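# predicted model and sequence follow; I will ask about them next.
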Amino acid sequence: MGLVRADVPLSARGAATIIEPRLGDEGAIVYVFKALRSTTGRTSPALAPRPVWSSRKSVPPLTGNSASTNLLLGALNGFNLKVSAAAVAGGVTVERVFDGERARALIDAARDGRKG
């Protein structure tokens, strides 16, 4: 396939851009798109993007709740964490809670300070 025949399909697709076909050092066809990056090499401050750290943006609130609501929810979660840790440490399970005799024995053992 000659240079001109290979250039026809690419020229038809990229009619809006300027394509310059060249023959590479090893015989490969190289297409140069001159108008693709016309701003490269220019050092105009109007074209250079501003650094991201030049403007500071405020961070939105994490939950959208007021401080008192967050404090209440944090206290509730802390209570749940402590009670569940005590239940796991004491061996309290749903099965044992609904077993009346075993539950009374655990309560009595807790009052006396010994393990049930």
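The structure has been received and is ready for your questions.

# low-confidence ranges, the protein, go.
Applying pLDDT under 70 to the chain picks out residues 1-17, 35-47, 102-103, 114-116.

# domains of it?
1-37, 67-112 (automatic domain parsing).

# distance to R56 and mean neighbour count added to those domains, as JSON lines?
(Glycine included, C-beta is placed from N, CA and C.) Shown next, in JSON lines, are the domains of the chain (distance: least, Cβ to Cβ, whole Å; neighbours: other Cβ atoms under 10 Å):
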{"stretch": "domain 1-37", "distance to R56": "31", "mean neighbour count": "10"}
{"stretch": "domain 67-112", "distance to R56": "23", "mean neighbour count": "11"}
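
# what is the end-to-end distance of stretch 21-28?
From its first residue to its last, stretch 21-28 covers 10 Å (Cα to Cα, to the nearest Å).

# and the strands in the protein?
19-23, 29-33 (DSSP state E).

# want to throw those strands into a markdown table with distance to G64?
Putting the strands of the chain into a markdown table (distance: least, Cβ to Cβ, whole Å) gives the following:
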| stretch | distance to G64 |
| --- | --- |
| strand 19-23 | 53 |
| strand 29-33 | 48 |
